[in-house]
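Colleague: Generate a structure from the sequence data that follows.
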Amino acid sequence: MNGFCGLMIMARGKSLTVVFKQNNQHQIMAFPPSLDELVSADHPVRVVNDIIDKLDISGVIDQYKPGGTSSYHPRMLLKVLMYAYMNNIYSSRKIEEAVQQNIYFMWIAGMSRPDHNTINRFRGERLQKTLHPIFTQVVTLLCDEGLMSIKDLYTDGTKIEASTSRYSCVWGKTIKKNKEQIHQQVNELWKYAQSVAASEMDDTDPTTFKKIDAEKVSATVAKINEALKDKKISSEAKQKLQAANENWVREMQEYEQQEEVMGDGRSSYSKTDPDATFMRMKDDESLNAKHKPGYNIQFSTNNQFIANYSAHQNPADTTTLISHLNKHEQAFKELPKKLTADSGYGSQENYTFLEGGEVEAFVKPRDFDRSQRGESKAQNRFSQHKMPYDSASDEYICPAGKRMTYLMTRKEKTTTGFEQTIRQYQAENCEGCPLRGECHKSKNNRVIHVNEEYTQLRKKAEELLKSPEGIAKRKQRCIDVEPVFANIKFNHKFNRFILKGIAKIEVETGLIALAHNLRKKVA
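Modeller: Model prediction:
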C-alpha cells in the first residue's frame, strides 16, 4: 500500500487491519505550506511582531551609517531578541541556532539568518542609548490598554550576578591596608637612613605625609638611595632598599590605578568586569549570603508590569532611588504621583527628593517594621525619640528628669554628597545617676545627636504608612514588585548577565523588562 502500512490481526475470529497515518516524507509538493500557515493566529510570536511593528525605532536606525554592505534590519533583529528573551534564550549562539531551526524564530525573522556576532553587536552596541525609549513606548501602549499605570508605582531592587569570576575581586580595604604597610616600611627605612647618614638627610619626613602616593614614595626612596649610596648598611636594610627600588613605587602605582577604577562610591570591583561590584547574594538552596560580583537592579512596577528599570553598581538600595526616578521622569516627563518602597529606601535625602517632586511617599523608615513589633531602639525610653523637648529653652529632658542643653551644630555629608544638619545636646551631669547604666555607656555626660529635618520627614512617612491607604499599599507591595523578581530569576532562569559593563547591563536589563511585560500581556 502506498503511503501507509497495514497489519492483519485476528480478533474474536474476525480479521482486522491496523491503519497508520500517511507519511510521505519524500513526496514532492506542488504547493508547499508557508511558514505563516504553521504559526497559529493566537501564538505569542504574533503579539511580539505586532507590538514591535507599532514602535518608532528611528533612534536605532540612526545608529547605522550609510554606505558599505547591506545590514539586517534592526526591527527584525529587535523582534528576534525580544522573542528569544521571552523564551529564556539569552545566549547569542543559541539565538543564532533558533533562527535556523525553530519555525517561530524563522517566521519572525522572515527567514533571515543573522549570526551570533551580528546579534551580539546589535544587542551590546546599537541598543545602548536606544532601548529605553523603545521600552517607554511599550509601557505607554500597555497604559493605553488599561493594563497598568505609571502614576502609582512599587519599587524594589535585586542583585544579579555579573558574567565574571567570583575570584577576581579587588577590595578597597585591602588596597588601603597595603598602602599603609608601604607607608610604614618607608618610615622604617627613612629612620634607619637618618641613623646611618643623618648629615645627608634633609628635613622631609614621610611620617608627616597626610596622604601617601606613588610620587611621594618615589621621591622619598630616591633620597634614601642618595643618602646610603656610599654607606655600609646591614643586610636587612639592603633587602628593604632593594624591595623599595623594585616593588614599592610600582605597587603604589597599581593601587592608585585600582582606586581610580573603583571610584568613590564603591568598596570593590571585579578584575574581569571592572564595573561589577561584589555584593552579598543569597542564591543557593540554603540561602547563605555570599559575596559575588554583580549589579543592583531596580524595578518600579504596577499591576506586576514593569514601568521603569535601572542598573546600579552600588549594592545599597538607598542611593539608587533618586537616579532611578530621574530616569522615569526623563522617559515620561513626570514623576509618579505615589511611590511605595520598603525600608531600604528610607533616608532623609530620598524623603526630601520625593517631597520636592510632590510624590506621595509610602516609604518605610529604616526601623519601621521593628517599631511596629516593639523591637526598635526608638521604642526604648532612653532613646532620643522618646525624650521630651522644651522648645522655649531648646532643651531635651532625659529619663532621669535632667536637662540636656544645646552643645553645637555640625554639617555632615552622605556618600552621595547630600548635606545633613545635626544638632548636639549634652546632659548637665550624669555622675551618680541611677539610670546611667541603662541610659548610656560613655565615660562623660551623655550626648545625643538630633536631625530635626529627618525627624519631621520620618514622622510624616509613618503617618502615611499607618493610614488605611498606607496599610493597603504595604500589603500590595509584597504582591506587586517582589513576584516580578521571582518570576524573572527563578521561573525564567535569568540569574546571571551575559554581557559585561554597566552600559551593556542596562541593555540586558531592559530586554529582560520588555520580555516580562510582553509575556504578561500574552498570558
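Colleague: Could you check how many residues crowd around D367?
Modeller: When neighbours are defined as other Cβ atoms under 10 Å, D367 has 16 of them. Quick note: C-beta positions are derived from backbone N, CA and C, even for glycine.
Colleague: now it: how far from C430?
Modeller: D367 sits 26 Å away from C430, taking Cβ to Cβ, to the nearest Å as the criterion.
Colleague: next one: P365
Modeller: The gap separating P365 from C430 is 29 Å, by Cβ to Cβ.
Colleague: show me where pLDDT drops low in the stretch 251-400 of the chain?
Modeller: 283-289, 374-379 (pLDDT under 70).
Colleague: Strands of that one, start to end?
Modeller: Under the criterion DSSP state E, counting those that start in this stretch, the stretch 251-400 of the chain contains strands at 268-270, 277-281, 290-302, 305-312, 338-341, 360-363, 389-390, 395-397.
Colleague: Which one of the ones you listed lies nearest to N24?
Modeller: Judged by Cβ to Cβ, the one of these that comes nearest to N24 is strand 305-312, at 47.4 Å.
Colleague: Run me through the strand neighbours of the closest one, direction for each.
Modeller: Take DSSP bridges as the rule and strand 305-312 pairs in its sheet with strand 290-302 (antiparallel).
Colleague: In stretch 237-244, which residues are buried?
Modeller: Going by neighbour count (16 or more other Cβ atoms under 10 Å), the buried part of stretch 237-244 is A237, K240, L241, A244.
Colleague: Quickly list what the most centrally placed residue in the chain is bridged to.
Modeller: The structure's the chain has its C-alpha centroid closest to N296; by Cα atoms, centre = their mean the separation is 1.4 Å. Taking DSSP bridges as the rule, N296 bridges to K159, H312.
Colleague: wait, it sits on T318?
Modeller: No - using Cβ atoms under 8 Å, N296 is not in contact with T318; the gap is 10.7 Å.
Colleague: Check which element follows the lowest-mean-pLDDT helix or strand in the chain along the chain.
Modeller: Lowest mean confidence among the helices and strands of the chain (mean pLDDT, DSSP states H and E): strand 6-11, at a mean of 59. Where DSSP states H and E defines the elements, the next helix or strand beyond strand 6-11 is strand 14-19.
Colleague: Assign R410 to helix, strand or coil.
Modeller: Here R410 is recorded as strand under DSSP: H, G, I helix; E, B strand; the rest coil.
Colleague: Could you find the closest non-adjacent residue to it?
Modeller: Excluding the flanking residues, the one nearest R410 by Cβ to Cβ, 6 or more residues apart in numbering is I422, at 5.3 Å.
Colleague: ok so the one you found is a helix residue?
Modeller: No - judged by three-state DSSP, I422 forms no part of a helix; its state is strand.
Colleague: what number of residues lie near it?
Modeller: Applying other Cβ under 10 Å, we find 15 residues neighbouring I422.
Colleague: Pull out the buried residues from the helix of greatest length in the chain.
Modeller: As assigned by DSSP state H, the longest helix anywhere in the chain is helix 172-196. By neighbour count on 16+ other Cβ under 10 Å, the buried set for helix 172-196 is I175, K179, I182, H183, Q185, V186, N187, L189, W190, Y192, A193, V196.
Colleague: try stretch 124-141
Modeller: Buried residues in stretch 124-141, counted by 16+ other Cβ under 10 Å: 124, 126-128, 130-139.
Colleague: Please tell me how far V522 sits from D56.
Modeller: 22 Å.
Colleague: neighbour count winner among those two?
Modeller: Legend: neighbour count by other Cβ under 10 Å for V522 and D56, higher for V522 (14 against 10).
Colleague: so the more buried one makes contact with V45?
Modeller: No - using Cβ under 8 Å, V522 makes no contact with V45, being 9.4 Å away.
Colleague: re the thing from before, what's the average pLDDT for the longest helix of the chain?
Modeller: Taken as a whole, helix 172-196 carries a mean pLDDT of 86.
Colleague: likewise stretch 41-60?
Modeller: If you average the pLDDT over stretch 41-60, you get 95.
Colleague: distance between the ends of that stretch?
Modeller: 29 Å (Cα to Cα, to the nearest Å).
Colleague: likewise stretch 344-362?
Modeller: Stretch 344-362: ends 12 Å apart by Cα to Cα.
Colleague: which of the residues in it are buried?
Modeller: Neighbour count says stretch 344-362 has 344-354, 357, 359-362 buried, by 16+ other Cβ under 10 Å.
Colleague: Same question for stretch 455-469.
Modeller: Applying 16+ other Cβ under 10 Å to stretch 455-469 flags L457, R458, A461, E462, L464, L465 as buried.
Colleague: Identify the residues contacting the fourth one.
Modeller: Applying Cβ atoms under 8 Å, 6 or more residues apart in numbering, we find E462 in contact with P365, F368.
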